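> here's my sequence, what's the structure:
(one chain, ligands or ions: 2)
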Amino acid sequence: MIYTVTFNPSLDYVVRVGEFTLGNLHRTEEEELFVGGKGINVSTVLNQLEVKSVALGFVAGFTGNEIIHQLNASGISSDFILLDQGMSRINVKLKSEGHVETEINAQGPSINRSKLEKLYHKLEQLAEGDFLILSGSVPKNLPDADYIYADICKLLTSKKIRIIVDAEGDLLRNTLSYRPFLVKPNQEELEKLFGQTLRDDESILRCARMIQEQGAQNVLVSLAGEGAFLLDEFGHIYRRKAPKGKVLNSVGAGDSMLAGFLAGLLHSIEGHPDCKEIQEKDYSEALSWGIAAGSAGAFSIGLPEADTIHQVRQQMNLDSDFY
Ligand SMILES: Nc1ncnc2c1ncn2[C@@H]1O[C@H](COP(=O)(O)OP(=O)(O)OP(=O)(O)O)[C@@H](O)[C@H]1O
Ligand SMILES: O=P(O)(O)OC[C@@]1(O)O[C@H](CO)[C@@H](O)[C@@H]1O
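Ligands and ions are numbered 1, 2, ... in the order given. Modelled structure (predicted):
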């Protein structure tokens, strides 16, 4: 089974205004509300690709109820821990003519020790062969917040669970010594990790290699419109371009990519006798599906639907640039 963990889920309020000017009243031209948070987004896109997962994490208040309600309505299994105080956050994504997207992500509710223990208890029930995706930020009020994902990796060390981490800075760095199955920094996150601007493929690759040397089994570096690098556990390095298209939204492209990657990996290992062994060729296929889902996300208003992902994937098959 695949489990996603979202410590800080959200309702993403996506608004479009004409010309945005600081200090003025704006009336929206379009507005939409999506369930969000990185782990939840991965579960949502997996669901589109007919891969089952269970979304775990913490929710609070009326916004938390709405998140659970919408997940149920989409047929996504979840098992969230309800917090007694506060409300799950509303993150504002502002689109405006001629400007890049602006995001305002809220802090979200506090999580106390006893609720955290409840999550750990649920995670202890995971079984060998399961995938666990730890994705997104964690509330800063948590004690030792930057060690939370590392603590989870440590807790599950003796079990053969494939842990995927999509996080920034020390929250990611601290997990590396536990040999996570996959990490997915984007270029900016990689630059922050190494404190330098990465101007070309060579320097990106050098940093990705260092992350692998520090423990990650597979490293997927997403490069937005430029595609991605994958350094896999067999020592292969793949560099793939992203297909071109009309970009409608880049929020969640990374989450869609992770879901596509995982769906691609699972579909290609399905035929194996015990369904658990990953072979060399599987990663190439997984990367193609990751890029297809990520780019389909960029070409969609919200997260991508199955049809769009399949169309983009088919287009990639026809175009030799992508191999
Ligand atoms: N402008 C674009 N054109 C085509 N594909 C894109 C574009 N932006 C993103 N993608 C696709 O999505 C994948 C992930 O993108 P990106 O590197 O922006 O992830 P991210 O920064 O983690 O995203 P986010 O944090 O917004 O969810 C890319 O590898 C690519 O396949
Ligand atoms: O504040 P975090 O946890 O870093 O990111 C949260 C978030 O921006 O990530 C998703 C897109 O990846 C959105 O659905 C959500 O609003």
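
> setting aside sequence neighbours, what's the nearest residue to the spatially most central residue of the chain?
Note on the chain: the residue nearest the mean C-alpha position is D255, at 3.2 Å, using C-alpha atoms, centre = their mean. Once flanking residues are discounted, D255 sits nearest to N41: 3.6 Å by C-beta to C-beta, 6 or more residues apart in numbering. (C-beta placed from N, C-alpha, C; glycine too.)

> also L56?
V5 (4.9 Å).

> neighbours of the residue in the chain positioned nearest to ligand 2, just the number please.
Ligand 2 sits closest to G36 of the chain, with a gap of 2.6 Å, by C-beta to the nearest ligand atom. Neighbours of G36 under the rule other C-beta atoms under 10 Å: 30.

> how much space between it and ligand 1?
10 Å (C-beta to the nearest ligand atom, to the nearest Å).

> list the contacts of that residue.
By C-beta atoms under 8 Å, 6 or more residues apart in numbering, G36 lies in contact with 9-12, 91, 251-252.

> spell out which parts of the stretch 201-323 of the chain neighbour ligand 1.
Contacts of the stretch 201-323 of the chain with ligand 1, taken as C-beta under 6 Å from any ligand atom, map to 222-225, 227-228, 242, 247, 250-255, 257, 291, 294-295, 298.

> 8 Å - rerun?
222-228, 242-245, 247, 250-257, 290-295, 297-299 (C-beta under 8 Å from any ligand atom).

> the stretch 1-150 of the chain now?
38, 41.

> look through the stretch 1-150 of the chain and state the residue closest to ligand 1.
Using C-beta to the nearest ligand atom, the closest approach of the stretch 1-150 of the chain to ligand 1 is made by K38 at 7.0 Å.

> burial count for that residue?
K38 has 25 neighbours, counted by other C-beta under 10 Å.

> likewise I104?
11.

> apart from its neighbours in sequence, what residue is nearest the residue in the chain positioned nearest to ligand 1?
Closest to ligand 1 within the chain is G254: 2.0 Å, counting by C-beta to the nearest ligand atom. Distances taken as C-beta to C-beta, 6+ apart put S222 closest to G254, at 5.4 Å, once the chain neighbours are dropped.

> these two touch, right, the one you found and G260?
No - when contacts are counted by C-beta atoms under 8 Å, S222 is not listed as touching G260 (11.1 Å).

> just the helices in the stretch 51-200 of the chain please.
61-73, 113-123, 148-155, 169-173, 187-194 (DSSP state H, counting those that start in this stretch).

> now do the residue of the chain closest to ligand 2, the pLDDT please.
pLDDT, G36: 97.

> related to what we said a few turns ago, what's near enough to touch the residue of the chain closest to ligand 1?
So G254 contacts 38, 166, 184, 186, 222, 294 (C-beta under 8 Å, 6+ apart).

> re the thing from before, so what's the residue nearest to the centre of the chain up against?
38, 41-42, 45, 135, 166, 297, 303.

> run through the protein and note the low-pLDDT ranges.
Along the chain, the model assigns pLDDT under 70 to residues 270-276, 318-323.

> quick one: which of S222 and G260 has more around it?
Higher neighbour count among S222 and G260: G260, with 32 against 25, using other C-beta under 10 Å.

> would you list the phi and psi of the more buried one?
Main-chain torsions, G260, degrees, to the nearest 10: phi -60, psi -40.

> for it, which non-adjacent residue is closest in space?
In this structure, G260 finds its nearest non-sequential neighbour in A293, 2.5 Å apart by C-beta to C-beta, 6+ apart.

> how about the secondary structure of that neighbour?
helix (DSSP: H, G, I helix; E, B strand; the rest coil).

> can you start the count at 658 instead of 1 from here on
Right, with 658 as the first residue, what we last looked at is A950.

> distance of it from S913?
From A950 across to S913, the span is 4 Å (C-beta to C-beta, to the nearest Å).

> shared neighbours, those two?
Applying C-beta under 8 Å, 6+ apart, one finds that A950 and S913 are jointly contacted by 702, 961, 966.

> what are the buried residues along the helix or strand containing the last one?
By that I understand I966. Following DSSP states H and E, one finds I966 within helix 963-975. Residues of helix 963-975 classed as buried: 965-970, 973 (neighbour count, 16 or more other C-beta atoms under 10 Å).
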